[in-house]
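**Q** predicted model, plus sequence, below.
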Amino acid sequence: MTQQTYISWYKTTKHPTYALGASGVQPCQVNELPFISWDIEINGSFGYGYPPLTQAIAEHYQVPENCIVTTTGTSMANFIVLSSLLKAGDEVLLEHPVYDPILQLLKHLNINIKRLSRNFANQFQVDLNELESKINHKTKMIILTNLHNPSGTLLTNETLKQIAAITAKYNCKILIDEVYLDLMFEEKQATAYKLGEQFIVTSSLTKTYGLGGLRCGWIFAMPTLCKTFNAFNDFSENCQVYLGEQISVQMFQNIQFLAERAKQLITPNRKCLFEFFKEYPEFEVITSPYATTYFPRWRKGKADSLVSRLEKEYQVSVIPGKFFEMPDCFRIGIGGEPNTFAEGLKRFKLVL
Ligand SMILES: Cc1ncc(COP(=O)(O)O)c(C=O)c1O
């Protein structure tokens, strides 16, 4: 039997009361959103992108409309970019650890995958020397997440420019999955798409705003590439979900409200988690000031046994590091309801 993927595990596992693994902000309920208008239609949108939604995305990220392809979440955005631009035998440089569906898709496409190690020694940054030593004329794409899932670290635009400078002489694209970048809120750096034509960016409203079910995602890329992506998307989608597109426009119109909601959840949880890490130095961890995901390593023993005891004895779950190819670690998320998070951490202490 092949190894279970992260997504199939996540979808089929019954998560306990204190589920502290999720990467995004607590899903929104309709009754939390006083601004929603239900004066919407089922049918209406056809063509490449619902113009009011494309305009809203363009305005929010300051990207030209003809550089945007709307998609069904970041998942579909990544699927379209990777499947349409890569073919079997192509070589890519992929961060390690990485969000598992990206790795699984590349394997499925029979891509020759070389890894860029993001680890505690390099603060989960990209080692530019390693990049330089591994890139060559066969490298078609560099694939990174920013903020990084699982460690939550930020690649600054300065670093991304250095990466672009290294890759400039190769015919190589740089895919940045920015699904967590809005978590920087007021401090948010501009999308990497603005750094140059090599960059392709994928993202969505899902993680920062608790809107996973809306599936509002997009790709930023040069207009010629956008045409390729739209043509590829024609294989799977006749049109997008108009109800979702209309509601997504309303979300952009009220994005500040959603950002405030997210901050109210994240801020106390982050404080609580950082205090926990201070109290328990047996965890090695990078404490990003922006992230919802943290990826501690337990210095005292096997993290997987800690994780399974935590769940069996205390009804607390986190994401086992094996799903990020780093079984010494686990991923913990701070987007949940603060009382539940605090109680979960209290229980965590009992297992230590
Ligand atoms: C790095 C990364 N990309 C994409 C996704 C999927 O995002 P979406 O729900 O927008 O499809 C996730 C979800 O956890 C993720 O961590």
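**A** All right, it came through fine. Residues are numbered from 1 along each chain as shown.
**Q** what segments of the stretch 151-300 of the chain are strands?
**A** With strands called from DSSP state E, counting those that start in this stretch, the stretch 151-300 of the chain shows them at 173-177, 199-204, 216-220, 283-284, 293-294, 297-298.
**Q** closest to the ligand out of those?
**A** strand 199-204 (3.4 Å; C-beta to the nearest ligand atom). To be clear about C-beta, it is placed using only N, CA and C from the backbone, and glycine gets the same treatment.
**Q** hmm, back to that, and the strands of the stretch 151-300 of the chain as JSON lines, adding mean neighbour count and mean pLDDT?
**A** What follows is the strands of the stretch 151-300 of the chain, written out as JSON lines (neighbours: other C-beta atoms under 10 Å; pLDDT from 0 to 100):
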{"stretch": "strand 173-177", "mean neighbour count": "24", "mean pLDDT": "98"}
{"stretch": "strand 199-204", "mean neighbour count": "27", "mean pLDDT": "98"}
{"stretch": "strand 216-220", "mean neighbour count": "26", "mean pLDDT": "98"}
{"stretch": "strand 283-284", "mean neighbour count": "17", "mean pLDDT": "98"}
{"stretch": "strand 293-294", "mean neighbour count": "24", "mean pLDDT": "98"}
{"stretch": "strand 297-298", "mean neighbour count": "20", "mean pLDDT": "96"}
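**Q** nearest to residue 114, of those strands?
**A** Among the strands of the stretch 151-300 of the chain, the nearest to residue 114 by C-beta to C-beta is strand 173-177 (14.6 Å).
**Q** that closest one near the ligand at all?
**A** Yes: counting by C-beta under 6 Å from any ligand atom, the ligand is contacted by strand 173-177 at residue 177.
**Q** just to revisit the earlier point, can I get the strands of the stretch 151-300 of the chain in a markdown table with distance to residue 259?
**A** Converted to a markdown table, these look like this (distance: least, C-beta to C-beta, whole Å):
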| stretch | distance to residue 259 |
| --- | --- |
| strand 173-177 | 20 |
| strand 199-204 | 15 |
| strand 216-220 | 15 |
| strand 283-284 | 29 |
| strand 293-294 | 18 |
| strand 297-298 | 31 |
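**Q** so which residues on this protein come close to the ligand?
**A** Residues of the chain lying near the ligand (C-beta under 6 Å from any ligand atom): 23, 73-75, 99, 145, 149, 177, 179, 204, 206, 212, 217.
**Q** mark which of those residues are part of helices, please.
**A** Residues of these located in helices (DSSP state H): 73, 74, 75, 206.
**Q** nearest to residue 323 among the residues of the chain next to the ligand?
**A** Closest to residue 323, out of all of those and judged by C-beta to C-beta, is residue 99, at 9.4 Å.
**Q** would you confirm that the closest one contacts residue 145?
**A** Yes: counting by C-beta atoms under 8 Å, residue 99 does reach residue 145; the two are 6.0 Å apart.
**Q** please enumerate the shared neighbours of the two.
**A** residue 177 (C-beta atoms under 8 Å, 6 or more residues apart in numbering).
**Q** neighbour-wise, which of those two wins?
**A** Higher neighbour count among residue 99 and residue 145: residue 145, with 26 against 23, using other C-beta atoms under 10 Å.
**Q** what sits against that one?
**A** Going by C-beta under 8 Å, 6+ apart, the list of residues near residue 145 reads 95, 98, 99, 102, 176, 177, 178, 179, 180.
**Q** sorry, back to before: okay, the residues of the chain next to the ligand in TSV with distance to residue 48 next?
**A** Supplementary listing: the residues of the chain next to the ligand in TSV, determined by distance: C-beta to C-beta, whole Å:
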residue	distance to residue 48
23	30
73	17
74	19
75	19
99	27
145	26
149	29
177	22
179	22
204	18
206	21
212	24
217	15
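**Q** for the ligand, what's its nearest residue on the protein.
**A** Checked against the ligand (C-beta to the nearest ligand atom), the nearest residue in the chain is residue 73, 2.9 Å away.
**Q** quick check, pLDDT for that residue.
**A** If you check residue 73, the pLDDT there is 98.
**Q** dump the residue contacts of it.
**A** 204, 206, 212, 215, 216, 217.
**Q** show me which helix runs longest in the chain.
**A** helix 255-279.
**Q** and it, which residues are buried?
**A** 255, 258-259, 261-263, 265-266, 269-270, 272-273, 276-277 (16 or more other C-beta atoms under 10 Å).
**Q** pLDDT below threshold where in this structure?
**A** 1-2 (pLDDT under 70).
**Q** quick one: the helices in it, in order.
**A** 6-12, 51-61, 73-85, 100-108, 128-134, 157-167, 206-209, 223-233, 242-253, 255-279, 303-314, 338-351.
**Q** what's in contact with the longest helix of the chain?
**A** 25-26, 28, 32-33, 35, 60, 182-183, 185, 208-211, 251, 283, 285, 287, 292, 294, 296, 332, 334-338, 341-342, 345, 348-349.
**Q** so what's the gap between that helix and the chain middle?
**A** Helix 255-279 sits 18 Å away from the centroid of its parent chain (C-alpha atoms, centre = their mean, to the nearest Å).
**Q** what's the answer for stretch 54-63, then?
**A** The chain centroid and the centroid of stretch 54-63 are separated by 19 Å under C-alpha atoms, centre = their mean.
**Q** now stretch 317-324
**A** 15 Å.
**Q** quick one: terminal-to-terminal distance for that stretch?
**A** 16 Å (C-alpha to C-alpha, to the nearest Å).
**Q** repeat for stretch 192-200
**A** Stretch 192-200: ends 8 Å apart by C-alpha to C-alpha.
**Q** which of the residues in that stretch are buried?
**A** Neighbour-count burial for stretch 192-200 [16+ other C-beta under 10 Å]: 192, 193, 195, 198, 199, 200.
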